[in-house]
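1. Here is my input, please return the structure:
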Amino acid sequence: MQNYTFKPLDLSAAGLVQLQQLMAMVWPQARHLDYSYLHWLYNENPAGAALGINAWEGEELAGHYALLPLNALRFAQPTRGALSLNTAVHPHHQGKGLFLCLAQQSYDLAITRGITHVLGVANANSTPGFTRKLGFSLIGPLDVRISFSLPQLRTTPLGPIPSWQRSWSNHELAWRLANPHGRYSSVAEGATRWVLASVAQAGTGSILKIEQRAEGIASIDAAIPRKNPPLCKVWLGLSPQIHPSIFSFPLPQRLRPSPLNLIYRSLSPGDESPGRASIQIEGIDFDAF
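-> Model (predicted):
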């Protein structure tokens, strides 16, 4: 690593342009990773600006690792976490161990900012690197269900208090729904709102959130339009509180392009990985849409 200089993220306009150029080389098909998206994601998050490390070789940006701060509840107690996302290494610098250095330095920085844990959703290719080399625990693959009706929350909570769930303030929820590339709408029925994202398949929508809190409903109603639900709905996440519809079924593994594995790393002594059966995570909680 002697040829590289490691620095905290540069979130200025010039710094984001350099990041955009790096990501365009690493993920040429990911056209949503433009300047407006990166500025929204990295600078405007009410829970805190993105933190992480960039690696430089001279004037060339060689690598990038970002963590996005979030507020969470661990057994109903507030805590600060971060979402792992956007690890990018320039094609000329791949295979030199930059990923591990960027990640570990980012976690060290996160600890100084009061972050107690890091959560991520990894595909089949990247999961072994996180679990074997970076100390993450594999919680398990996310559930993917296809439904022809809207899923409901159980009227009586099932099991103990969730071991982990994201805590959304009004400002955070409004920010999340202001994604410059998001195509969101809501379905209203009594005191429940379902937030849906449009997907490529016609007549299909992804259910990002089921909301019953009055303040959350107000934020949703102010941020996105109401529409009739699509015929086919996809729910992605883990939750003991979701009551699957009798008109729903799990998406067969052979039809999934890659398992979405939920991974967790503690940055605080005594913090244990949450169990798969007691965690609460929905699509809105990570960056799939």
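2. so where's the stretch 151-289 of the chain uncertain?
-> Applying pLDDT under 70 to the stretch 151-289 of the chain picks out residues 156-159, 200-201, 244-247, 255-257.
3. Which parts of the stretch 1-150 of the chain are strands?
-> Per DSSP state E, counting those that start in this stretch, the stretch 1-150 of the chain carries strands over the ranges 5-8, 51-57, 60-74, 77-89, 117-122, 137-141, 143-147.
4. least reliable of those strands going by mean pLDDT?
-> Within the strands of the stretch 1-150 of the chain, confidence is poorest for strand 143-147, with a mean of 90 (mean pLDDT).
5. about what we covered before: among the strands of the stretch 1-150 of the chain, which comes closest to G15?
-> Among those, the nearest to G15 by CB to CB is strand 51-57 (8.2 Å). In this view, the C-beta of every residue, glycine as well, is placed from N, C-alpha and C.
6. Neighbouring strands - and their directions - for the closest one?
-> Using DSSP bridges, the strands paired with strand 51-57 in its sheet are strand 5-8 (antiparallel), strand 60-74 (antiparallel).
7. contacting residues around the shortest one?
-> If you take CB atoms under 8 Å, 6 or more residues apart in numbering as the criterion, strand 5-8 is touched by 51-57, 101-102, 105, 109.
8. so of the strands paired with strand 51-57, which one's packed in deepest?
-> Comparing the strands paired with strand 51-57 by mean neighbour count (mean count of other CB atoms under 10 Å), strand 60-74 ranks first with a mean of 22.
9. isn't E215 right next to N170, touching?
-> Yes. Counting by CB atoms under 8 Å, E215 touches N170, with 5.5 Å between them.
10. and those two? which has more neighbours close in?
-> N170 (15 against 12; other CB atoms under 10 Å).
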